[in-house]
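Enquirer: turn this into a structure:
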Amino acid sequence: MKAVEIHRNGGPEELKYEDAPKPTINPDDVLVRVYASGVNPVDWKIRKGMRGSDGTFPRILGWDFSGVIEQTGNKVNGWKPGDEVYGRPDIQRNGTYAEFVAVRANEISRKPKSIDHKAASGVALAGLTAWQGLFRHGGLTEGQRVLIHGASGGVGIFAVQFAKWKGAYVIGTSSGKNVPFVQELGADEVIDYETEDFSQKVSDIDLVFDTQGGKVQMDSLKVLKPGGALVSTVGIQDPDAVKDKGIRGVSYMAQSVPGDLEQIAKLIDTGIVIPVVSKIFPLKDAAEAQRMSEEGHVRGKIVLQVVE
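Expert: Residues are numbered from 1 along each chain as shown. Got it, this is the predicted structure:
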């Protein structure tokens with residue numbers, strides 16, 4: 001099969017489009033023909049050796065896909081060849097920058113029917129991150145005030161829409177050019193971080209959803225009400241400060257939960273949530289796609305198209 005592999009850690013130039021062995025599946029796996037793969041920051045962080053690199057090469061990156069089941073393991077029930085699925089595979093295994101991927105059957109869900117594979121391939125990882133951050137870790141409920149940083153990014157787009165669906169009062173931060181876009185997603189307020197200081201404009205926040213870290217995270221402590229929650233995808237950098245403020249701090253990485261994927265697919269198929277794809281690259285141009293991701297300021301998701 002064709003795949004994009006790395007043979008050592010380094011820059012985007014280490015991504016090689018080449019022939020690779022077709023995956024063999026375990027009894028509890030399915031083999032999926034990948035139609036499209038989402039590109040996420042975790043991909044280039046692993047490429048650079050910043051996280052999750054165990055020194056095993058060559059390695060196929062990418063953990064966000066939509067495709068069609070080609071084969072099922074002998075212990076798999078409920079799935080059959082031809083089923084359209086999407087999901088976020090185990091990050092410890094080879095990924096989805098390839099024509100085929102082996103993934104555990106309990107990590108996938110049926111692809112949303114109303115969108116194509118390219119749109120679906122960018123949903124699972126970002127969608128799970130937003131869903132679990134807001135609801136499993138943040139406990140967001142109707143009527144609460146939530147501040148979502150990076151509201152126009154891959155995760156933020158889902159977070160805004162999920163929070164609005166839940167009935168929260170949604171405040172997002174974004175660059176000035178993306179303010180109208182975040183408003184269209186349903187945010188009640190949007191703060192232009194280039195010209196405005198959110199910590200001076202909002203207060204009494206129940207939940208801060210942080211994808212930025214650094215000064216943004218520390219300033220977020222100022223706007224949370226006592227008993228509120230700071231939920232971060234990039235780590236809690238000062239646990240003592242969080243404790244002193246009387247708030248709850250949670251750092252997490254999204255897990256593959258089929259039930260969550262099913263809920264997300266329902267929201268997409270009913271038109272409540274709309275995925276946003278900013279750019280589609282052919283698989284062979286994965287290096288260019290990762291460069292774009294690493295530069296940041298991308299509205300929505302970057303996708304690699306594997307099947308025409």
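Enquirer: and the strands in the stretch 151-300 of the chain?
Expert: Secondary structure of the stretch 151-300 of the chain by DSSP state E, counting those that start in this stretch: the strands cover 169-174, 189-192, 205-210, 224-232, 248-251, 277-282.
Enquirer: right, and those - which one's nearest Lys80?
Expert: strand 277-282 (28.5 Å; CB to CB). Where C-beta positions appear, they are placed from N, C-alpha and C, glycine not excepted.
Enquirer: pull out the buried residues from stretch 194-210.
Expert: Residues 198-199, 202, 205-210 are the ones in stretch 194-210 that count as buried (16 or more other CB atoms under 10 Å).
Enquirer: give me the low-pLDDT residue ranges for this structure?
Expert: 52-54 (pLDDT under 70).
Enquirer: Phe209 is in contact with Ala229, correct?
Expert: No: between Ala229 and Phe209 there is no contact under CB atoms under 8 Å: 9.2 Å.
Enquirer: residues shared between the contacts of these two?
Expert: Gly138 (CB atoms under 8 Å, 6 or more residues apart in numbering).
Enquirer: list the contacts for the residue nearest the centre of the chain?
Expert: Geometric centre of the chain, nearest residue: Ala126, 1.9 Å, by CA atoms, centre = their mean. With CB under 8 Å, 6+ apart as the criterion, the residues that contact Ala126 are 38, 40, 64, 154-155, 157-158, 301.
Enquirer: so can I have TSV of those residues showing neighbour count and distance to Ala287?
Expert: Listed next are these as TSV, based on neighbours: other CB atoms under 10 Å; distance: CB to CB, whole Å:
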residue	neighbour count	distance to Ala287
Gly38	32	16
Asn40	24	15
Asp64	30	17
Gly154	31	19
Val155	26	23
Ile157	29	25
Phe158	31	26
Lys301	29	18
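Enquirer: which two among the residues you listed are spaced furthest apart?
Expert: Spanning the widest gap among the contacts of Ala126 are Asp64 and Ile157, at 14.3 Å by CB to CB.
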